[in-house]
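> turn this into a structure:
(chains A and B)
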Amino acid sequence: MPDYTLTHLHQLESEAIFILRETAAQFERPVLMFSGGKDSILMAYLAKKAFWPAKLPFPLLHVDTGHNFKETIEFRDRLVADTGAHLVVASVQKAIDEGRVVEEKGPNASRNALQIQALLDCLEEGQYDAALGGGRRDEEKARAKERFFSHRDEFGQWDPKNQRPELWNVFNGRMSHGEHFRVFPLSNWTEMDVWQYIKLEGIELPSLYFAHERDVVVRNGVILAVSEFVEPRDSEVVEKRLVRFRTMGDATITGAVDSNADTLEAIIEEVAAARETERGNRADDKRSESAMEDRKKQGYF
Amino acid sequence: MSHQSNSTDGYLDMGLLRFTTAGSVDDGKSTLIGRLLYDSKAIFEDQLEAIETTSKQRGDENVNLALLTDGLRAEREQGITIDVAYRYFATPRRKFIIADTPGHIQYTRNMVTGASTANLAIILVDARKGVIEQTCRHSFIANLLRIQHVVIAVNKMDLVDWSEDVFKRIKRDFTKFASRLDNMVEVSFIPISALVGDNVVEKSERMPWYQGPSLLYHLETVYMGPDENHVDARFPIQWVIRPHSDEYHDFRGYAGRVAGGVFKPEDEVVVMPSGFNAKVKAIHTMDGELEEAFAPLSVTLTLDREIDISRGDMLVKANRPPKCDQDLEAMICWFSEKPMNSRGKFIIRHTTKETKAVVKDVKYKVDINSLHKIEDDLEFKLNDIGRISLRTAAPLCYDSYSKNRTTGSFVLIDAFTNETVAAGMMI
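Reported below is the predicted structural model:
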């Protein structure tokens, strides 16, 4: 009898492709949320696999806080050209300019909360009924109970006590008018799985993920890259350090880590040895222990 | 001893084991999972710091490992787990996905949910309490969902002086009860202490009378056998791929995930339910064509002739066809707070097909504590399990659940609220 077993990475790949196809089939107007980070790059890659040789049957949606690393935008535009996907941009700056949201004040102001509104507005405007995201259950405690098909009410809110049970691989994407779903094909992947798969498949990543020299300041224990959005304050000292980023987010809050990992192999070594979760470097999760749960309830991805 | 797998080569050969955990309140289930994650180094420093702080605030004596898995704020406040949570860890041998399900009486539906994707179940028994009603309930559900491998983890051995007699009695009691559960291929008994770690990752030195493996070693090495059905060929169509490009002008591919059997180019297949015949032309992936496709691979098939095929149809082989019928018998578990309206119409989702269904008859319910049939109260309320007959608006092509978990399972959806109200297993 031949050996019909699949390695765990191939099982995860097959599962993600299955979910992507279910999303295309069950919803009228799905959209893939693209942040520029490795998880969303992986999502776009798996979507390409799921529908090959056809193009993606849904657009990519980028929630643009206006505080971008330029590498992220360049990479995004190249990827869009490569997949032939349509790109939709939800601009936080535009939402501020139009008065739909008010920017936080104070020294630790962040545009994180504003992303929620920009995203929800964009979903409503485009009448998107399913937003595919790269969220994983291993990222954070509140995500461990997230569904593959996560139901959001007409206010875009997540009610952790009222989620539909998911059994086998049967997914219920039915909804009432005005409601929508978030869909997470990478739910069962861990950070290590993502890195190993990227290496296995030779998926290209933005240069920010690899160690490079950069001017940084240390603020509240987080290493921030100096840019037009992050200017050193009086007491802060600008240093040149060898760093890399573990997540791609808003440049004002995404912290770098000291690292000399300049290849995928080196990053995998580093991830294996890491004693801190990826989100440990994000200032927004440090606000309170339940920070993520609170943001999810409001409609954060 | 490090269990984190660092080397890429090893990582690419790892298998996957999905297991579920069930136990009553205070059986130490969260502590056990915390212990597995902690001792296998799946916990990060910032997570550990966070629970250390919380443990101190609550006045716990030791670091409360249970806090690692109690994710939602409501749970932390009430100190109970209220929903299925998924956890991940890996050793150099296997990657593990844990469906952590609560043990409360009212949460049968969560346990059914967690068990539906599991290959193995760990059922916790408190050494001081022995085999109790909840143990029987958890075992019944594991058996109903066709989990073939069960581990009875006799926990809190530290509180019974590591007594071999206690362990033996529990083993005897459970074995007697389990003789009625026909799907369990293998039941293992392991005496542990989740709190102090004996026989969880490392073998205990305090129970020399126990010759078996530690729990983690058992999970790493238990032979899963072919959990998928590789005999009866089943390919539910998810999506039709038509590129409309110059290069692939006439390409018409059927995308799906193999649900059983093996498909190869040149294989004769039958399209269900229409009954048309065709030959597989090729098995496509972005990485090139495959020689064969088997469960659970996601692939795209092309056929040698143009037939009208759409989502919800199934490709099978003529020698071992599925049943194809509008009338079917099933075991269901009721998931809704609202009792089942026995004259109600539902949406049924089975593989990639969706149609309407009515309940024709309720045969019986099962008292899951005694395993007796209930025939005088046939109203399905939250967490009730029983047997029904259904009639569907369109024929479904299915196998019995005992043969194929993918083509033998379905959910019922309330057509008005869109809630998933029941999980079903074809007989």
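
> tell me where the model's unsure across the stretch 51-200 of chain A.
Scanning the stretch 51-200 of chain A with the threshold set as pLDDT under 70 gives A:106-110, A:112, A:141, A:160-162.

> again with chain B
Those would be B:1-10, B:25, B:41-48, B:51, B:60-82, B:103-106, B:225-226, if you go by pLDDT under 70 across chain B.

> one more time with 50
B:1-7, B:79-81 (pLDDT under 50).

> could you pull out the strands for the stretch 151-300 of chain B?
Using DSSP state E, counting those that start in this stretch, the strands of the stretch 151-300 of chain B run over B:186-191, B:234-241, B:253-257, B:262-263, B:268-272, B:277-284, B:293-294, B:298-303.

> present these as CSV; the columns should include distance to B:R320.
Every residue, glycine included, has its C-beta placed from N, CA and C. What follows is these, written out as CSV (distance: least, CB to CB, whole Å):
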stretch, distance to B:R320
strand B:186-191, 27
strand B:234-241, 9
strand B:253-257, 18
strand B:262-263, 12
strand B:268-272, 11
strand B:277-284, 15
strand B:293-294, 15
strand B:298-303, 18
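
> most packed of these?
Counting by mean count of other CB atoms under 10 Å in any protein chain shown, strand B:253-257 has the highest mean neighbour count of the strands of the stretch 151-300 of chain B, with a mean of 26.

> now that one, how far from the centre of its chain.
24 Å (CA atoms, centre = their mean, to the nearest Å).

> report the angle between it and strand B:277-284.
When axes from the mean of the first three to the mean of the last three CA atoms, to 10 degrees is applied, the directions of strand B:253-257 and strand B:277-284 differ by 80 degrees.

> can you map out the helices along chain A?
In chain A, the segments counted as helices under DSSP state H are A:8-26, A:38-51, A:70-83, A:92-97, A:112-125, A:191-201, A:264-273, A:291-298.

> which one of those helices lies closest to B:V131?
Of all the helices of chain A, helix A:8-26 sits nearest to B:V131, with 34.0 Å by CB to CB.

> of the helices of chain A, which is nearest B:Y88?
Smallest distance to B:Y88 across these (CB to CB): 8.4 Å, for helix A:191-201.

> keeping just the C-alphas, turn that closest one into PDB.
Provided in PDB are the C-alpha atoms of helix A:191-201 (Å, rounded to 0.1, in the frame of the first residue of the first chain):
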ATOM      1  CA  GLU A 191       4.600  31.700  13.200                       C
ATOM      2  CA  MET A 192       7.200  28.900  12.600                       C
ATOM      3  CA  ASP A 193       4.900  27.300  10.000                       C
ATOM      4  CA  VAL A 194       4.600  30.500   8.100                       C
ATOM      5  CA  TRP A 195       8.400  31.000   8.000                       C
ATOM      6  CA  GLN A 196       9.100  27.400   7.000                       C
ATOM      7  CA  TYR A 197       6.500  27.500   4.300                       C
ATOM      8  CA  ILE A 198       7.900  30.800   2.900                       C
ATOM      9  CA  LYS A 199      11.300  29.200   2.800                       C
ATOM     10  CA  LEU A 200      10.000  26.000   1.300                       C
ATOM     11  CA  GLU A 201       8.200  27.800  -1.500                       C
END
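
> please identify the buried residues of that helix?
By neighbour count on 16 or more other CB atoms under 10 Å in any protein chain shown, the buried set for helix A:191-201 is A:E191, A:M192, A:D193, A:V194, A:W195, A:Q196, A:Y197, A:I198, A:K199, A:L200.

> and it with chain B, contact?
Yes - counting by CB under 8 Å from any CB of the partner chain, chain B has neighbours in helix A:191-201: A:M192, A:D193, A:Q196, A:K199, A:L200.

> try stretch A:218-235
No - if you take CB under 8 Å from any CB as the test, stretch A:218-235 misses chain B, and the best it gets is 11.1 Å.

> any idea of the mean pLDDT for that stretch?
Averaging pLDDT along stretch A:218-235 gives 82.

> and that stretch, end to end?
With CA to CA, to the nearest Å applied, stretch A:218-235 spans 10 Å between its terminal residues.
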